[in-house]
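Undergrad: Whatever this is, show me its structure:
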Amino acid sequence: MAQAGGADVERVVGAYLDHLAVERGTARNTLDGYARDLRRYREYLARRGIAAITGIAPADVTGFGVALRTGDDGHRALAPSSAARALVAVRGLHRFAHADGITEHDPARDIHPPSQAKRLPKALPVDEVLRLLAMPGTEGERAIRDSALLELLYSTGARISEVVGLDVDDIDEEERTVLLDGKGGKQRIVPVGRPAIEAVRAYTVRARPSLARNGRGTPALFLNARGGRLSRQSAWQVLKTNAERAGLSAAVSPHTLRHSFATHLIEGGADVRVVQELLGHASVTTTQVYTLVTVNTLREVYATAHPRALG
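TA: Down below sits the predicted model:
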């Protein structure tokens, strides 16, 4: 058992940081962050009249977690991610003190950092999607191809990798469906809207034959200038270039049209389990993030439109 003087919070924090640096080889940036967080913890405890680590109770650790988010300890309130990092430092400190025999109990053992809010996917408003889809034009082989590519991405909600992996026979123009090869080799049939079918038909009739002459007879639906299968990177560049030409307000990602597809379906009243099947998600939990997007939109409209929203 450590001596009473060794139970002083400041001394234990110093010992813990030395332990991380020497025995764990923790990176300097991480050590600096832990030092800042634990200094704030020491100051919080001092305000409560606690100088010895043996005098810290679970309620003190919980109170510090609240103070991190509210700024009630006289410091700037932290974002959830920063508050979670600070609590990780505090949990590590108490775990170290308990393992080293300085304390008989670990007051932070049952204290868990707040779970991180799910990062909401970015979806474009419908009018911006329509502006993007109108960008490639209808003249020239690449423009016709790019138009079909973008239309199909938005119409099906497919991943870029799934669309560039399509072969000509995977499109059923009569049934207006497409057979997609998803993650884990799982296939799914997804309906295709009429504008996308017409764009694909225009591409296969007017542009693909010319592109195919430069290649070796690949069955791929979307071809590059050399007649080979269009790569995922090239398809992503098509999306990025046309988004810039359209002057879209939000930054686009390879999943932009997929996210927009899902969000617009749910906003239109589609059942989340149907959207799950269309996206090829293994779990409905993954799809439910799109319901959070629409709830946030509703909340914003309510806050600006309802006369008592801020009351």
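
Undergrad: Count the residues that sit near residue 75.
TA: Using other C-beta atoms under 10 Å, residue 75 is surrounded by 12 other residues. Quick note: C-beta positions are derived from backbone N, CA and C, even for glycine.

Undergrad: Checking my notes, it in a helix, right?
TA: No - assignment of residue 75 by DSSP: H, G, I helix; E, B strand; the rest coil gives coil, placing it outside any helix.

Undergrad: Now for it: which residues touch it?
TA: If you count contacts by C-beta atoms under 8 Å, 6 or more residues apart in numbering, residue 75 has them with 40, 43, 67.

Undergrad: Next: residue 68.
TA: Residue 68 sits next to 40, 77-78, 82-83, 86-87 when contact means C-beta under 8 Å, 6+ apart.

Undergrad: Just the buried ones from those residues, in PyMOL syntax?
TA: A single PyMOL command selects the buried members of these (16 or more other C-beta atoms under 10 Å):
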select buried, resi 40+78+83+86+87
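
Undergrad: Farthest pair within the contacts of residue 68?
TA: The distance between the two most remote of those (C-beta to C-beta) is 14.3 Å, for 77 and 87.

Undergrad: Rounded mean pLDDT for whichever strand or helix holds residue 91, please.
TA: Residue 91 is part of helix 80-99, with elements assigned from DSSP states H and E. For helix 80-99, the mean pLDDT works out to 91.

Undergrad: Counting by contacts, list what the following helix or strand past it packs against.
TA: Later in the chain than helix 80-99, the nearest helix or strand by DSSP H and E is helix 126-133. Secondary-structure packing of helix 126-133 (3 or more C-beta pairs under 8 Å, 6 or more residues apart in numbering; DSSP states H and E): helix 141-156, helix 232-246, helix 256-267.

Undergrad: buried residues in the second one?
TA: This means helix 232-246. Buried residues in helix 232-246, counted by 16+ other C-beta under 10 Å: 232, 235-236, 238-239, 242-243, 246.

Undergrad: which other residues reach it?
TA: Taking C-beta under 8 Å, 6+ apart as the rule, helix 232-246 contacts 128, 131-132, 134-136, 146, 149-150, 153, 160-161, 163-164, 222, 224, 252, 254, 256-257.

Undergrad: let's see 10 Å
TA: Contacting residues not belonging to helix 232-246 are listed as 124, 128-137, 142-143, 145-147, 149-150, 153, 159-165, 222, 224-225, 230-231, 248, 250-257 [C-beta atoms under 10 Å, 6 or more residues apart in numbering].

Undergrad: Quick one: buried ones out of the residues you listed?
TA: By 16+ other C-beta under 10 Å, the contacts of helix 232-246 give 124, 128-129, 131-133, 135-136, 143, 145-147, 149-150, 153, 159-165, 222, 224, 230, 248, 252-257 as buried.

Undergrad: which stretches of the stretch 151-300 of the chain form strands?
TA: For the stretch 151-300 of the chain, the strands defined by DSSP state E, counting those that start in this stretch occupy 171-172, 177-181, 187-191.

Undergrad: OK, contacts around residue 166?
TA: With contacts defined as C-beta under 10 Å, 6+ apart, residue 166 is in contact with 152, 156, 158, 178-181, 200, 219-222, 229-230.

Undergrad: let's go with 7 Å and repeat that
TA: Each residue near residue 166 by C-beta atoms under 7 Å, 6 or more residues apart in numbering is listed here: 178, 221-222.

Undergrad: Phi, psi for it please.
TA: For residue 166, the backbone dihedrals (degrees, to the nearest 10) come out as phi -70, psi 140.

Undergrad: what's around residue 112, how many residues?
TA: 12.

Undergrad: Against residue 19, how distant is the closest residue in space to it that isn't next to it in sequence?
TA: In space, and not counting its chain neighbours, residue 112 is closest to residue 87: 7.9 Å by C-beta to C-beta, 6 or more residues apart in numbering. Distance of residue 87 to residue 19, computed by C-beta to C-beta, to the nearest Å: 19 Å.

Undergrad: next one: residue 290
TA: 45 Å.

Undergrad: Could you list the buried residues of stretch 274-291?
TA: 275-276, 278-281, 287-290.

Undergrad: what do you get for stretch 255-266?
TA: Buried residues in stretch 255-266, counted by 16+ other C-beta under 10 Å: 255-266.

Undergrad: Which residue ranges make up each domain of this protein?
TA: Split into domains by automatic domain parsing, the chain comes to 4-99, 126-252.

Undergrad: closest to residue 14 out of the helices and strands packed on helix 126-133?
TA: Residue 14 lies closest to helix 256-267 among the helices and strands packed on helix 126-133, at 47.6 Å (C-beta to C-beta).
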